[in-house]
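Chemist: Test case, fold it:
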Amino acid sequence: MHELSIVADLVALCEKALNAEKAKKKGAAEQGGKNSCDIADTANENTNSANTNIGPKNTENTGVADTNPNDKSGDFYKNLDAKPQASYDTFSSKSPQIRELHVKIGRLSGVEAHYLQNCYEVFRAGTVCENADLIIHTQEIVVKCKNCGFSGDLTQNDFFCPHCKSSEISVIDGEDMYLMRLVIE
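Modeler: From the prediction side, this is the model:
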């Protein structure tokens, strides 16, 4: 069951993102409000939520990490700094916590959403994700027809163009799993 290893990778990523957020807050406190950490620069000023876009569809660096589109190992956290960070509790009375993980699962990704959810519910106990909700977004299969140019969703696992019935189609989306967003408060 590879869903369990995916959950382990998600939790590890969350730990690193949370440590980066803590370091960011520590650096800001030590420098009189200056932000010395470029991780999670998309933080919302009101909620301190950090958007983390990961995957080959990410065209701009807006979050914690990007993965190599050719790397299918599921190691979502490879590009993060692996150094342990100092405890945030000494710098503020309220430590940031992860509240939500948003993942997009393509129908052709090989990941079963209900298994992932069940693994997450069991594995998150005692981790930084203990109080975080896993929100799963299902991505339909998006194809482009090489014959007529149609681009859109396949409603069935029938790999023919819905318009011209050609088998000359390529899959544009729906084959991958992405961590779309982390909400840190």
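Chemist: Give the residue spans of this structure that score low on pLDDT.
Modeler: 1, 31-93 (pLDDT under 70).
Chemist: mind listing the strands for it?
Modeler: 98-106, 133-139, 141-145, 151-154, 169-173, 177-184 (DSSP state E).
Chemist: Let's see the last one as CSV, backbone CA atoms only.
Modeler: In CSV, the C-alpha atoms belonging to strand 177-184 read as follows (Å, rounded to 0.1, in the frame of the first residue of the first chain):
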residue,chain,number,x,y,z
MET,A,177,-0.8,13.6,-7.2
TYR,A,178,0.1,17.1,-5.9
LEU,A,179,0.3,18.7,-2.5
MET,A,180,-1.5,21.9,-3.5
ARG,A,181,-1.6,23.9,-0.3
LEU,A,182,-0.6,23.8,3.4
VAL,A,183,-2.5,26.1,5.8
ILE,A,184,-0.4,27.1,8.7
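Chemist: residues touching Phe120, list them.
Modeler: Actually, residue 120 is Tyr rather than Phe. 7, 10, 129, 134 (CB atoms under 8 Å, 6 or more residues apart in numbering). C-beta coordinates here come from the backbone N, C-alpha and C atoms, glycine included.
Chemist: most neighbours, which of the residues you listed?
Modeler: Ranked by neighbour count (other CB atoms under 10 Å), those have Leu10 at the top, with 27 neighbours.
Chemist: pretty sure that one is in contact with Glu100, am I right?
Modeler: No: counting by CB atoms under 8 Å, Leu10 sits too far from Glu100 to count as a contact (11.9 Å).
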